[in-house]
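Student: the following block contains a protein sequence and its predicted model.
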Amino acid sequence: MSRPWHMYPLGLLFGLGFDTATEIALLVLAGSGAASGLPRYAILCLPVLFAAGMCLLDTVDGSFMNFAYGWAFSKPVRKVYYDLTITGLSVAAALLIGTAELLGLLAERLGPHGPFCWISGLDLNLLGYADVALFFATWVVALVVWRAGRIEEKWSGALAGPERGVVP
């Protein structure tokens with residue numbers, strides 16, 4: 001990429017790529033619509049709407065991340081705080097999803113009367129909502145800690161170096 005505008009065509013191609021489970025389900029729906037005799041324009045509605053939704057949400061996500069990175073990289077103490085928050089959030093989300101998957105595998109291997117049989121009835125949509133709630137709660141807590149704890153004022157001098165004589 002030699003110019004910023006080159007990212008748009010790449011993002012568009014990425015958004016139109018057919019590699020996720022949702023996109024595969026969309027292809028199956030379009031294929032079954034074609035097999036049932038729907039006209040071509042009706043079959044193309046689903047992929048076009050999906051691509052439009054992906055473009056919209058990727059744009060919103062890119063705008064948010066641009067703001068977050070701009071804030072984080074403006075001062076060293078912000079970058080450290082941002083990195084710690086993102087790392088902690090990623091670990092918590094991975095543990096949530098990984099534990100659910102591991103318990104699901106154990107439930108499958110141990111059978112319907114095993115100690116983890118309850119996991120087979122777990123709605124994965126609820127797990128996704130819990131993950132989104134975790135992300136939201138983490139950012140709210142991080143913001144409250146940042147502001148109430150006056151992190152920037154306390155640690156700005158400490159990250160600048162010992163020659164300034166500031167002790168956190």
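Tutor: Now that the structure is in, tell me what you want to look at.

Student: please identify the buried residues of stretch 36-56?
Tutor: By 16 or more other C-beta atoms under 10 Å, the buried positions in stretch 36-56 come out as 43, 47, 50, 54. In this view, the C-beta of every residue, glycine as well, is placed from N, C-alpha and C.

Student: out of those residues, which is nearest to G31?
Tutor: Using C-beta to C-beta, I43 comes nearest to G31 of those, at 8.6 Å.

Student: would you enumerate the residues in contact with the closest one?
Tutor: Taking C-beta atoms under 8 Å, 6 or more residues apart in numbering, we find I43 in contact with 30, 33-34.

Student: how much space separates it from G37?
Tutor: Computed as C-beta to C-beta, to the nearest Å, the I43 to G37 distance reads 10 Å.

Student: again, but for H6
Tutor: Noted for H6: a distance of 42 Å to G37, by C-beta to C-beta.

Student: likewise L126?
Tutor: For L126, the distance to G37 - C-beta to C-beta - is 37 Å.

Student: one more: L27?
Tutor: L27 is 18 Å from G37, by C-beta to C-beta.

Student: likewise G121?
Tutor: As defined by C-beta to C-beta, G121 lies at a distance of 38 Å from G37.

Student: and for L10?
Tutor: 37 Å.

Student: next one: R3
Tutor: Counting by C-beta to C-beta, the gap from R3 to G37 is 46 Å.

Student: and A51, by the same measure?
Tutor: According to C-beta to C-beta, A51 and G37 sit 24 Å apart.

Student: helices of this structure, residue ranges please.
Tutor: Taking DSSP state H to define them, one finds helices in the chain at 7-16, 21-35, 40-72, 76-110, 124-148, 151-160.

Student: any chance of these in JSON lines, plus mean pLDDT?
Tutor: As requested, the helices of the chain are exported to JSON lines (pLDDT from 0 to 100):
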{"stretch": "helix 7-16", "mean pLDDT": "71"}
{"stretch": "helix 21-35", "mean pLDDT": "72"}
{"stretch": "helix 40-72", "mean pLDDT": "81"}
{"stretch": "helix 76-110", "mean pLDDT": "84"}
{"stretch": "helix 124-148", "mean pLDDT": "83"}
{"stretch": "helix 151-160", "mean pLDDT": "69"}
